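Chemist: here you go, sequence then predicted model.
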Amino acid sequence: MTAEHRGGDEHWDRFVKDFEASRSIPATASRTQTQTRADAAQASTKPKRRRGRRLVATAVVLAGLAGAGYWFGPWRHADAHPAARPTGNASTASAPAVAAIKATNPAGSATALTAITPDQAFPAAVGNYLKVRQFSLPLCTQQPAVQATLAGLVTQSHGCLGISFALYSDPAKDEYTVAVLTMKDPADAVTVLTTLSADPTSFQIGRVIPPSSSGLTHLPEDSGAVQQFASGGHLVIIGLALWSDGHAGDYQKLEDQLTPLFSAVTKQAESHDTH
């Protein structure tokens, strides 16, 4: 082994140890070890703070995702749109809504319940929105695909069968990440919605970084974003929208752009939640 290789191994070992010491940092990826060492070394450099905002994520970290490689971008929370609203069948998350959802799921149906798949949840196109990539994870608590608050809620629930992700773009190359979680107990889906919608400026899923062949931009971690939530049956749906250049501002317009795509995904995903 050459001195150059030994140095690379030592750097990688230090990087992994740093990540293990800061599990809550939201960022992830999956590539082969050879492909990622150079990326990890660059990504591990701590970015500068801007305007005194609290730094939430500082790196893109290697993690295995069932043999497939997907990059999630790190976040700073400060640029989230404070007016983002929960939407969907259980948007108010009131007690009657919980009872109504329970009533639509007969006893014993959970034994046959399976996670909603990406093909079931995500249309290839919704108007001018085109799907860029999709994938699923068997673990609904894997960070940074899932952030700390959501992961904690899943851990405290009766369980989650899987989470599916999709990245969409529009003609302006704005980027939209949508995630669908399948909870074992529909009451847990409402609990998750109620809790997350109380703080819509805290991002709960990683934004999917587009493949290089897509022509979309790998946006910076402090990009402005809006977030929407929905719940119906066993499902929790979360949507994120970012401008093509990542700028912070025009949030209401960005939210208006997210809504039709988010609504279409919610409707299609719920149509497959038949248990």
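Modeler: Received, thanks.
Chemist: which other helices and strands contact the longest helix along the chain?
Modeler: Ranked by residue count under DSSP state H, the longest helix found in the chain is helix 251-271. Packed against helix 251-271 by the contact rule (3 or more CB pairs under 8 Å, 6 or more residues apart in numbering; DSSP states H and E) you find helix 118-121, strand 125-126, strand 175-183, strand 226-232, strand 235-242. Every residue, glycine included, has its C-beta placed from N, CA and C.
Chemist: quick one: strands adjacent to the longest one?
Modeler: Paired neighbours of strand 175-183 in the sheet (DSSP bridges): strand 160-169 (antiparallel), strand 235-242 (antiparallel).
Chemist: if you rank every helix and strand of the chain by mean pLDDT, what lands last?
Modeler: Using mean pLDDT, DSSP states H and E, helix 95-103 stands out as the lowest-scoring helix or strand of the chain, at a mean of 23.
Chemist: any stretches of the stretch 101-250 of the chain with poor pLDDT?
Modeler: 101-111 (pLDDT under 70).
Chemist: in the longest helix of the chain, what's buried?
Modeler: Across helix 251-271, burial judged by 16 or more other CB atoms under 10 Å covers 251, 254-255, 257-259, 261-266, 268-270.
Chemist: stretch 208-227 too?
Modeler: Of all the residues in stretch 208-227, those buried under the rule 16+ other CB under 10 Å are 208-210, 216-217, 219, 221-227.
Chemist: so residue 173, which state does it fall into?
Modeler: Under the three-state scheme (DSSP: H, G, I helix; E, B strand; the rest coil), residue 173 adopts coil.
Chemist: you'd agree it is up against residue 216?
Modeler: Yes - between residue 173 and residue 216 there is a contact at 5.6 Å, judged by CB atoms under 8 Å.
Chemist: give the residues shared as contacts by the two.
Modeler: residue 244 (CB atoms under 8 Å, 6 or more residues apart in numbering).
Chemist: spit out the contact partners of the residue nearest to residue 204 when sequence neighbours are not counted.
Modeler: Sequence neighbours aside, residue 150 is the residue nearest to residue 204 in space, at 4.2 Å (criterion: CB to CB, 6 or more residues apart in numbering). Neighbouring residues of residue 150 by CB under 8 Å, 6+ apart: 192, 196, 204-205, 238.
Chemist: got it, and residue 199?
Modeler: residue 149.
Chemist: follow-up on the earlier one: distance to residue 116 and secondary structure added to the buried residues of stretch 208-227, as CSV?
Modeler: Formatted as CSV, those follow (distance: CB to CB, whole Å; DSSP: H, G, I helix; E, B strand; the rest coil):
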residue, distance to residue 116, secondary structure
208, 17, strand
209, 23, coil
210, 23, coil
216, 25, coil
217, 29, coil
219, 27, coil
221, 29, coil
222, 32, coil
223, 28, coil
224, 29, coil
225, 24, strand
226, 23, strand
227, 20, strand
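Chemist: could you look up the SS state of the residue nearest to residue 204?
Modeler: helix.
Chemist: coming back round to it: could you dump the strands paired with strand 175-183 to a markdown table with distance to residue 128 and mean neighbour count?
Modeler: Converted to a markdown table, the strands paired with strand 175-183 look like this (distance: least, CB to CB, whole Å; neighbours: other CB atoms under 10 Å):
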| stretch | distance to residue 128 | mean neighbour count |
| --- | --- | --- |
| strand 160-169 | 9 | 23 |
| strand 235-242 | 14 | 27 |
